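Chemist: heads up, no residue letters with this:
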């Protein structure tokens with residue numbers, strides 16, 4: 001992944017987490033990024049610039065991730081921006097509305113650099129998570145379900 005092809009927006013309330021995510025993004029070669037700490041800042045960033053992808057935590061401050069997806073991408077010319085949800089809670093009932101609102105996948109924290117890289121490359125190149133992009137694994141005319149990625153703790157990049 002190169003700087004020119006993957007400008008990334010990072011949205012997380014926790015400044016320690018965003019600092020760790022910046023280190024993680026450096027490790028996988030993503031140097032063009034903007035870090036914000038709430039949903040309103042994210043919408044403003046999406047108004048000002050086009051992003052290939054956005055890493056959005058489920059806690060985005062006063063503006064929830066569903067509204068952020070609708071307001072930020074659809075209304076401000078960032079429809080091509082691929083949304084990746086980051087969560088500590090793998091509860092399908094809680095995640096489903098967010099995935100239905102336009103998030104392409106959910107990464108379960110903590111996650112290793114390889115998982116983030118694979119998901120970013122998958123959604124940026126193919127518009128969906130990498131494993132879902134392999135055509136021969138799907139039946140024709142089936143909907144690709146957004147996926148939640150989980151990694152064993154011993155492999156995880158701790159954030």
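Modeler: It's in. Being a predicted model, the structure only gives us computed values, none of them experimental.

Chemist: quickly note the distance from residue 19 to residue 10.
Modeler: 10 Å (Cβ to Cβ, to the nearest Å). (Each C-beta comes from the backbone N, C-alpha and C, glycine too.)

Chemist: all helices of the chain, in order?
Modeler: Assigned by DSSP state H, the chain shows helices spanning 15-27, 39-48, 65-68, 92-100, 113-126.

Chemist: between those helices, which one is closest to residue 80.
Modeler: For residue 80, the closest of the helices of the chain is helix 113-126, at 9.4 Å, according to Cβ to Cβ.

Chemist: list the buried residues for that closest one?
Modeler: 113, 115, 116, 117, 118, 119, 120, 121, 122, 123, 124 (16 or more other Cβ atoms under 10 Å).

Chemist: now the angle from that helix to helix 15-27?
Modeler: Per axes from the mean of the first three to the mean of the last three Cα atoms, to 10 degrees, the angle that helix 113-126 makes with helix 15-27 is 70 degrees.

Chemist: mean confidence for helix 113-126?
Modeler: Averaging pLDDT along helix 113-126 gives 84.

Chemist: which one of the helices of the chain is the most hemmed in?
Modeler: helix 65-68 (a mean of 21; mean count of other Cβ atoms under 10 Å).

Chemist: what residue lies at the spatial centre of the chain?
Modeler: Closest to where the C-alpha atoms of the chain average out (Cα atoms, centre = their mean) is residue 84, at 1.7 Å.
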